[in-house]
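Visitor: Show me how the following folds:
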Amino acid sequence: AREGADAVVCGNTWLAMAMDLQKRRPAFQRVVAGLSGPAVFPLALRTVWEVCGAVSIPVIGCGGVASWEDAAAMLLAGASAVEVGSALFTDFDLPRKIADGLMKYTAAAGIESLSGLVGLGRKNHEGGERR
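Guide: This next block holds a predicted model:
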């Protein structure tokens, strides 16, 4: 934000590696490759939580979002918007399902709009930061 950024995207892909047990060497030619999808969601959510606590500009959460529940968790952690990537490979209708689920969730909770979810988990957290 000090350098003029209007928003920040955080989460997404983590560098990972695998070993080829038959050839006894790294499985990827460049040794590491991007790990994405549902496996990284808890890491992405933690990153969103931490970044939202450190900046005053909007944070866009991404990384492993595969359901409306995941999107809601990102918003509750402080994300102003949520990206969906890898999960679209298996469900092209996922954005609609996420939007529908979020609308039902907010209506059931008596929250008037999605913006009412943004950072609510931070506000409701008791006891401060915990590791």
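Visitor: which residues in the protein form strands?
Guide: Remark: strands assigned in the chain by DSSP state E are 8-11, 14-17, 19-20, 25-26, 32-35, 59-62, 81-82.
Visitor: Indicate which one of those is closest to residue 70.
Guide: Nearest to residue 70 among the strands of the chain is strand 81-82; the distance by CB to CB comes to 7.9 Å. Glycine gets a C-beta too; all of them are placed from N, C-alpha and C.
Visitor: What pairs with that closest one, parallel or antiparallel?
Guide: According to DSSP bridges, strand 81-82 forms sheet pairs with strand 59-62 (parallel).
Visitor: In this protein, which helix is the longest?
Guide: helix 94-109 (DSSP state H).
Visitor: which of the residues in that helix are buried?
Guide: The neighbour-count check on helix 94-109 (16 or more other CB atoms under 10 Å) flags 94, 98, 101, 102, 105, 106 as buried.
Visitor: And for stretch 78-86?
Guide: Buried, per 16+ other CB under 10 Å, within stretch 78-86: 78, 79, 80, 81, 82, 83, 84, 85, 86.
Visitor: and if you look at stretch 12-29?
Guide: 12, 13, 14.
Visitor: now, among those, which is nearest to residue 122?
Guide: Using CB to CB, the buried residues of stretch 12-29 come closest to residue 122 at residue 12, 21.0 Å.
Visitor: got any ranges where this protein has weak pLDDT?
Guide: 1-2, 126-131 (pLDDT under 70).
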